[in-house]
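> I'll drop the sequence and a predicted model, then ask my questions.
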Protein chains: 2
Amino acid sequence: MRLINTNQKILIVGLGLLGGSYAKALTKKGFHVSAITRSEKSINYAMNKGWIEKGSAFVDPNLISEADIVIFCLYPTTFIEWIKTNQQLFKSGAVLTDVTGVKGAVVDTIQEMLRPDVEFISAHPMAGREVSGVENSDDRIFHNANYIVTPTGRNTPEAIELCRDLGVILGFARISTLAPEDHDEIIAFVSQLTHCIAVSLMTCQRTEHLEDYTGDSFRDLTRIARLNDEMWSELFLLNKEPLLKQMRLFEDELARMRGLLESGDREGLREMMRYSTERRALFDKTL
Amino acid sequence: MRLINTNQKILIVGLGLLGGSYAKALTKKGFHVSAITRSEKSINYAMNKGWIEKGSAFVDPNLISEADIVIFCLYPTTFIEWIKTNQQLFKSGAVLTDVTGVKGAVVDTIQEMLRPDVEFISAHPMAGREVSGVENSDDRIFHNANYIVTPTGRNTPEAIELCRDLGVILGFARISTLAPEDHDEIIAFVSQLTHCIAVSLMTCQRTEHLEDYTGDSFRDLTRIARLNDEMWSELFLLNKEPLLKQMRLFEDELARMRGLLESGDREGLREMMRYSTERRALFDKTL
């Protein structure tokens, strides 16, 4: 039995790339979706596309009080501020969820301040694009992607189940559950460290016309070097310790490889490459 | 006026992924293509596919002496050995070219030892796949790719032009010319360093089941972490100094980013990200 049904009203707060993609996917599945976001233009865009039934560019008490599920698609710090200011407006029994990319700095803070008759169950949809804004929304970004639910001891089994169901309805390829601190450690590695690498690769050289001599490998490694600096700097700083740890781990390994090259240790290099090849194969099979 | 015409006979030495893709593309364009490679199976495969007219699993003097253009698709050290052993078999006036990924260690050596009535003009097709062997050949890998001709003072304008024309005929998106030492410096950065990063990222963590939590960014950055260890260790060691230089450059930049994070310098991080974003945009426009 699904705990989500299409009679429930869903409110999306923050109508950017992800919020818009959620709205589109959920409307397609027959849900009643409304949105609150700062920009009137974004509301109009989503209304014209038929992704939302109602929308408001201000914090509309009516939209909030009628919502059974509220999905926050805001930057972490904005999200916390929003809850602080507006939580009195939620319907009693409402379930809140989010799309925030770091959990340690968010989940406890919100669960601690939240009204006891409302529940926050956090999730991280690992999907995105190099472009932002509701105009670039695309629900297909979920279809090959992972969706991670990060419950704490404060969450009820029902809310956890509802949040997982939401991931299924959105069309994610794989739904998993992690404690917030495990999530942050893994995300520091698979997502934040990769962005650090891409950015550093893009900025370490100022040679002009490099693009004339570039193969697929460089393009692949720097695709994510185009990023929203406001969002990513916030995510990095909110996950500072886990990210620093992963950066050091990677730096040590790259220095080890450089050492093998310096000493002309061909067998050492080959062994590293063979292990890399074998390990990478696992990542092809999964999706 | 094209210096290449379809009356000329082309011999490919080394029928792996690239050799096979060359054979397929050139046969499609109406050339007479033959091949020499160690494996009888590879010859049969290419014959059955109609990619070559003739082939031999040994060094057949007839195939060599009738070729106007010989394209070497061998590992660098094997290529040098082959020339040393077999160069007496070339037709006088033949033009030789190659696909070797490093130039400093190859071009001079071969040009110095080569008969004066034969010319070697080196080129680097920046195309490949994560899989190897003639069975994985695909001439579409050239269509979005760069092709770099690396002439020296010993080359004639005619041979340089012929080699560029070959790139056009193969269907490369962009043909450029670089001195061998400039080529090696750029390749150390855009190709070899990226492979070092991908391998180190893949091997620095032994956490199991990471693939369950992986987004596109990690997949993109590690696509090339599946690699042919025999070939890549040889390429790295033959281009050791330029690669070490680029590795250090990247390591310094990543350490700088870590420093910004450690000291909580949000504006410094954002500035780096903005520069990265701006610079990466150049690489989208070109192809």
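Yep, that arrived. All values derive from a computational prediction rather than experimental measurement. Numbering: from 1, shown residues only, chains lettered A, B, ... in the order given.
> How far away from the center of its chain is stretch A:272-285?
With C-alpha atoms, centre = their mean, to the nearest Å as the basis, stretch A:272-285 stands 26 Å off its chain's centre.
> Any buried residues in that stretch, and which?
The neighbour-count check on stretch A:272-285 (16 or more other C-beta atoms under 10 Å in any protein chain shown) flags A:272, A:273, A:275, A:276, A:277, A:279, A:280, A:283 as buried. The way it works is simple: take the backbone N, C-alpha and C, and place the C-beta from them, glycine included.
> name the helices or strands packed onto the helix or strand that the fifth one is a member of?
What that stands for is residue A:277. If you go by DSSP states H and E, residue A:277 is part of helix A:266-285. Secondary-structure packing of helix A:266-285 (3 or more C-beta pairs under 8 Å, 6 or more residues apart in numbering or on different chains; DSSP states H and E): helix A:240-262, helix B:194-203, helix B:216-222, helix B:229-238.
> partner residues bridging residue A:34?
Beta-bridge partners for residue A:34, by DSSP bridges, are residue A:11, residue A:54.
> ok and the helix holding residue A:277 relative to helix A:240-262, angle-wise?
When axes from the mean of the first three to the mean of the last three C-alpha atoms, to 10 degrees is applied, the directions of helix A:266-285 and helix A:240-262 differ by 140 degrees.
> Spatially nearest residue to residue A:190 (excluding sequence neighbours)?
residue B:218 (4.3 Å; C-beta to C-beta, 6 or more residues apart in numbering or on different chains).
> The one you found reaches residue A:192, doesn't it?
No - using C-beta atoms under 8 Å, residue B:218 is not in contact with residue A:192; the gap is 10.5 Å.
> Now for residue A:31: which residues touch it?
With C-beta atoms under 8 Å, 6 or more residues apart in numbering or on different chains as the criterion, the residues that contact residue A:31 are A:6, A:8, A:10.
> at 10 Å instead, please
By C-beta atoms under 10 Å, 6 or more residues apart in numbering or on different chains, the residues touching residue A:31 are A:4-10, A:22-23, A:25, A:53, A:69, A:169.
> Residue A:225 too?
A:130, A:195, A:197-203, B:273, B:275-281, B:283.
> Whichever strand or helix holds residue A:111: which residues count as buried?
Assessed by DSSP H and E, residue A:111 sits inside helix A:107-113. Neighbour-count burial for helix A:107-113 flags A:107, A:110, A:111 (criterion: 16+ other C-beta under 10 Å).
> do stretch A:42-57 as well
Those would be A:42, A:43, A:45, A:46, A:51, A:52, A:53, A:54, A:55, A:56, A:57, for stretch A:42-57 by 16+ other C-beta under 10 Å.
> pretty sure the fourth one belongs to a strand, no?
Looking back up the chat, that one is residue A:46. No - membership of residue A:46 in a strand is not supported by DSSP: H, G, I helix; E, B strand; the rest coil, which gives helix.
> which residue sits closest to the closest residue to chain B within the stretch 1-150 of chain A, ignoring its sequence neighbours?
Residue nearest to chain B within the stretch 1-150 of chain A: residue A:126 (4.0 Å; C-beta to the nearest C-beta). The shortest distance from residue A:126 to any non-neighbouring residue, by C-beta to C-beta, 6+ apart, is to residue B:215 (4.0 Å).
> try residue A:160
Distance criterion C-beta to C-beta, 6+ apart; nearest residue to residue A:160, sequence neighbours excluded, is residue A:151 at 4.9 Å.
> I figured the residue nearest to residue A:126 hits residue A:142, correct?
No - assessed by C-beta atoms under 10 Å, residue B:215 is found out of contact with residue A:142, at 11.4 Å.
> Now do the shared contacts for these two.
With contacts defined as C-beta under 10 Å, 6+ apart, the residues adjacent to both residue B:215 and residue A:142 are A:125, A:126, A:127.
> which SS class is the last one?
Going back to what we said before, that points to residue A:127. coil.
> That one and residue B:242, how far apart?
Distance, residue A:127 to residue B:242, using C-beta to C-beta, to the nearest Å: 38 Å.
> Between the two, which has more neighbouring residues?
More neighbours surround residue A:127 than the other of residue A:127 and residue B:242, with 25 against 21 (other C-beta atoms under 10 Å in any protein chain shown).
> just to revisit the earlier point, other residues contacting the helix holding residue A:111?
Applying C-beta under 10 Å, 6+ apart, the contact partners of helix A:107-113 are A:72, A:76, A:79-80, A:82-84, A:87, A:96, A:98, A:100, A:119-122, A:150-155, A:179-181, A:183-184.
> what's the spacing between that helix and its chain's center?
So, by C-alpha atoms, centre = their mean, the centroid of helix A:107-113 is 19 Å from its chain's centroid.
> and if you look at stretch A:215-227?
Mean-position distance between stretch A:215-227 and its chain equals 20 Å (C-alpha atoms, centre = their mean).
> for stretch A:35-51, same thing?
21 Å.
> Quick check: end-to-end length of that stretch?
Stretch A:35-51 has an end-to-end distance of 10 Å (C-alpha to C-alpha, to the nearest Å).
> Can you mark which positions in stretch A:197-212 are buried?
Buried, per 16+ other C-beta under 10 Å, within stretch A:197-212: A:197, A:198, A:199, A:200, A:201, A:202, A:203, A:204, A:205, A:210, A:211.
> got a list of what the first one touches?
Residues near residue A:197 by C-beta under 10 Å, 6+ apart: A:221-222, A:224-225, A:247, A:250, A:254, B:194, B:197-198, B:200-201, B:217, B:221, B:250, B:253-254, B:257.
> Residue A:201 contacts residue B:254, correct?
Yes - contact criterion C-beta under 10 Å: residue A:201 and residue B:254 qualify, at 8.5 Å.
> which of the helices and strands packed on helix A:266-285 is buried the deepest?
Sort the helices and strands packed on helix A:266-285 by mean neighbour count, taking mean count of other C-beta atoms under 10 Å in any protein chain shown, and helix B:194-203 sits at the top with a mean of 25.
> from the middle of its chain, how far away would that helix be?
Centroid displacement of helix B:194-203 relative to its chain, using C-alpha atoms, centre = their mean, is 19 Å.
> can you give me the angle it makes with helix A:266-285?
Going by the same axes, to 10 degrees, helix B:194-203 makes 70 degrees with helix A:266-285.
> and helix B:194-203, average pLDDT?
In this model, helix B:194-203 carries a mean pLDDT of 97.
> What would that helix look like as PDB? C-alpha coordinates only.
The C-alpha trace of helix B:194-203 is given here as PDB (Å, rounded to 0.1, in the frame of the first residue of the first chain):
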ATOM      1  CA  THR B 194      43.100  13.300 -16.600                       C
ATOM      2  CA  HIS B 195      43.900   9.600 -16.700                       C
ATOM      3  CA  CYS B 196      46.000   9.900 -13.600                       C
ATOM      4  CA  ILE B 197      43.200  11.700 -11.800                       C
ATOM      5  CA  ALA B 198      40.600   9.200 -12.800                       C
ATOM      6  CA  VAL B 199      42.700   6.300 -11.700                       C
ATOM      7  CA  SER B 200      43.600   7.900  -8.400                       C
ATOM      8  CA  LEU B 201      40.000   8.700  -7.700                       C
ATOM      9  CA  MET B 202      39.000   5.100  -8.400                       C
ATOM     10  CA  THR B 203      41.700   3.600  -6.200                       C
END
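> quick revisit: which of the contacts of residue A:31 are buried? Put it as a PyMOL command.
Restricted to buried positions by 16+ other C-beta under 10 Å, the PyMOL selection for those reads:
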select buried, chain A and resi 4+9+10+22+23+25+53+69+169
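> Residue A:21: neighbouring residues, count only.
Residues near residue A:21, counting by other C-beta under 10 Å: 26.
> no no, residue A:158
12.
> how near is it to chain B?
Residue A:158 is 24 Å from chain B, where distance means C-beta to the nearest C-beta, to the nearest Å.
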